[in-house]
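[1] turn this into a structure:
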Amino acid sequence: MSSPSPPQGRKRTPAERRARAMALPPLPEADATVIDRFIDAIWAESGLARPTLDSYRRDLAGLARWRSGKDGGLTGADRVALFDYLAWRTREGYSPRSNARLLSALRAFYAWCLRRGDRDDDPTALLESPKQPRSLPKAITESQVEALLAAPDVDSPLGLRDRAMLELMYACGLRVSELVELPATAVNLRQGALRVTGKGRKERLVPLGEEAQHWLERYLSRSRPQLAGKRSLPWLFVDTGGEAPTRQQFWRLVKRHAATAGIDPARISPHGLRHSFATHLLNHGADLRSLQMLLGHSSLSTTQIYTLVAREQLKRLHAQHHPRG
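    Residues are numbered from 1 along each chain as shown. Just a heads-up that it's a prediction; the model follows:
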């Protein structure tokens, strides 16, 4: 599929990329069937989280639609076809991070095809992952966190629920998917602990802290019974319809409460609360190994980026307050 490049010096906006992606041909039925089988197989083998499986499905469907009508479909794509698709996405303005995630999905898919005997080579073997700029996590200050946590109207059932969700996410450093998917059985108020199922279905036990426990108790005794009614619901956090909030809904409520708190909504995200949790712990003397366990990182190298955050903050403090800064 040929595609004119955007005007020189300007990348396509996300809305433009979505519109152009929607204009691709429909997903061929044969490719849809293969993708379904792959998703079922990789879930059974690896226990990947639902958001990861959904992103794999979207990425594979995107390639299949781009290749629609060409011999071999998704399974038969060769290295040249994959290179051309990655080049097209680069012209369209997709980020290196997005293309690296796509390549991960493709490697998993074609490895599965090899194991099944659907092909005898791996077209991703010589494709290199795009180089990604190293970016520091965006954290907000402790005073901004306090303002954000105080923003919901706790006199309403949904406001009290929002306060409990925000407190829990900041107190435990949760990923947004971990927060919205928490089962009602995950909380042990007597022990003051939360059992979290993270990436790869790995479980970890995280202490709640006094404030988060206080607001959870208030939510469970006052708000949740009103929202759930007589229904027996499996989720810890629910809305008026008895469903667990989605990641997108939580993203919107964070932005809304940030605006109420006087924080620029563009400077905060749900994941920013997780970054703030890690940065503030490190600033107050936490060691990296403990932080790794609390965050659920499989590798310490992932956790070490927060030392760079703390170092940058020290540089800013020095420049601001030292007479020779």
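
[2] care to break the protein down by domain?
    With domains defined by automatic domain parsing, the chain comprises 14-116, 142-321.

[3] if I look at Thr141, how far off is Lys199?
    Distance of Thr141 to Lys199, given as CB to CB, to the nearest Å: 28 Å. Every residue, glycine included, has its C-beta placed from N, CA and C.

[4] these two: which is more packed in?
    A count of neighbours by other CB atoms under 10 Å puts Lys199 above the other of Thr141 and Lys199, at 16 against 13.

[5] my read: that one touches Ala49, true?
    Yes. At 5.7 Å, Lys199 counts as touching Ala49 under the criterion of CB atoms under 8 Å.

[6] quick revisit: mean pLDDT for the domains of the chain: which is lowest?
    Ranked by mean pLDDT, those bottom out at domain 142-321, with a mean of 85.

[7] can you map out the strands along the stretch 51-200 of the chain?
    For the stretch 51-200 of the chain, the strands defined by DSSP state E, counting those that start in this stretch occupy 187-188, 193-197.

[8] relative to Phe83, which of these is closest?
    Closest to Phe83 of these is strand 193-197 (CB to CB; 37.2 Å).

[9] list the buried residues in the closest one.
    193-194, 196-197 (16 or more other CB atoms under 10 Å).

[10] returning to what we had before: with distance to Asp36 added, can I get the strands of the stretch 51-200 of the chain in CSV?
    Conversion of the strands of the stretch 51-200 of the chain to CSV gives the following (distance: least, CB to CB, whole Å):
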stretch, distance to Asp36
strand 187-188, 35
strand 193-197, 24
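
[11] which among those strands is found nearest to Pro26?
    strand 193-197 (35.1 Å).

[12] following that closest one, which helix or strand shows up next?
    strand 203-207 (DSSP states H and E).

[13] what strands line up against that next one, and which way round?
    Sheet pairing for strand 203-207, assigned by DSSP bridges, gives strand 193-197 (antiparallel).

[14] what residues does the strand it pairs with touch?
    Applying CB atoms under 8 Å, 6 or more residues apart in numbering, the contact partners of strand 193-197 are 168, 172, 174, 178, 181-182, 186-188, 203-208, 296.

[15] farthest pair in those residues?
    Glu181 and Pro207 (19.9 Å).

[16] ok, the two, which is more surrounded?
    Neighbours were counted for Glu181 and for Pro207 using other CB under 10 Å; Glu181 has more, 22 against 14.

[17] now do the closest residue to Ser129 other than its chain neighbours against Leu127, distance only.
    Leaving aside its sequence neighbours, Ser129 sits nearest to Ala100 (CB to CB, 6 or more residues apart in numbering; 4.9 Å). From Ala100 across to Leu127, the span is 11 Å (CB to CB).

[18] what's the answer for Ser55, then?
    Distance from Ser55 to Leu127, by CB to CB: 18 Å.

[19] re the thing from before, next, format the domains of the chain as a markdown table and append distance to Lys131.
    Below are the domains of the chain laid out as a markdown table (distance: least, CB to CB, whole Å):
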| stretch | distance to Lys131 |
| --- | --- |
| domain 14-116 | 6 |
| domain 142-321 | 17 |
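
[20] contacts for stretch 211-229, please.
    Contacts of stretch 211-229 with the rest of the structure, by CB under 8 Å, 6+ apart, involve 154, 157-158, 160-161, 163-164, 167-168, 170-172, 187, 189, 192, 208, 238-240, 242.

[21] weed out the non-buried ones from those.
    By 16+ other CB under 10 Å, those give 154, 157-158, 160-161, 163-164, 167-168, 170-172, 187, 208, 238-239 as buried.

[22] check contacts around the closest residue to Ala125 other than its chain neighbours.
    Nearest residue to Ala125, sequence neighbours excluded (CB to CB, 6+ apart): Arg79, at 7.6 Å. Neighbour list for Arg79: 123-127 [criterion: CB under 8 Å, 6+ apart].

[23] cheers, nothing more for now.
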